[in-house]
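# okay, predicted coordinates and the sequence, questions at the end:
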Amino acid sequence: MKEQSSEIIVNDRRMFNRDGSLRENLQQSDISTTNSPTPSEPVEEQSKQNTQPKEKKQGISQPFYNLLSMLTTNALISLGGDVRFGRGGVDLETARQFTDMLSSLKEKTAGNLSEEEESILNEMVSRLEMEYVSVANQISMSAKK
């Protein structure tokens, strides 16, 4: 049997030494592909750029609107409001999950939406919560009879 020797080459692309100092043999291509500040751009200037307030977007993103519509429609169907087939079955747990998804989306996207997107999301969450309470009360009342 013939033994093959294979050589493994490891290229260290870290920008800094263990003590935190900048490596001397660092190539320019390695610097440009990282998110760390370059030697020509001081850390203070980069941090100022990151803290600049972003301009609010205008209008409604179609993919975002489609996501909101899908979650809202599924929640309404779970609450028994399937308009294609008349009143359907009620699944409060599934409706609650879809409503919670929208609430989580509202919380996680706070400050990153346009005014229109934020308004639509707030309205959908509020309406779903009111509908959920209404259906839950109707079920509770019919169970007491």
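Arrived safely, thanks for sending.
# which residues in the protein form helices?
28-32, 43-50, 62-78, 92-108, 115-144 (DSSP state H).
# who wins for proximity to Glu7 among those?
Checking the helices of the chain against Glu7 by C-beta to C-beta gives helix 28-32 as the closest, at 21.9 Å. No exception for glycine: its C-beta is placed from N, CA and C like everyone else's.
# pLDDT averaged over the closest one - what is it?
Average pLDDT, helix 28-32: 49.
# now the end-to-end length of stretch 100-119.
Stretch 100-119 stretches 17 Å from its first residue to its last (C-alpha to C-alpha, to the nearest Å).
# tell me where the model's unsure across the chain.
1-3, 12, 15-16, 20, 25-57, 82-88 (pLDDT under 70).
# I'd say Lys121 and Leu102 touch.
Just to correct that, residue 121 is Leu rather than Lys. Yes - Leu121 is within contact range of Leu102, at 6.9 Å (criterion: C-beta atoms under 8 Å).
# separation between Leu92 and Leu76?
Relative to Leu76, Leu92 is positioned 13 Å away (C-beta to C-beta, to the nearest Å).
# quick one: which of these two has more around it?
Leu76 (20 against 14; other C-beta atoms under 10 Å).
# and the more buried one, how far from Thr99?
10 Å.
# over to Leu105?
11 Å.
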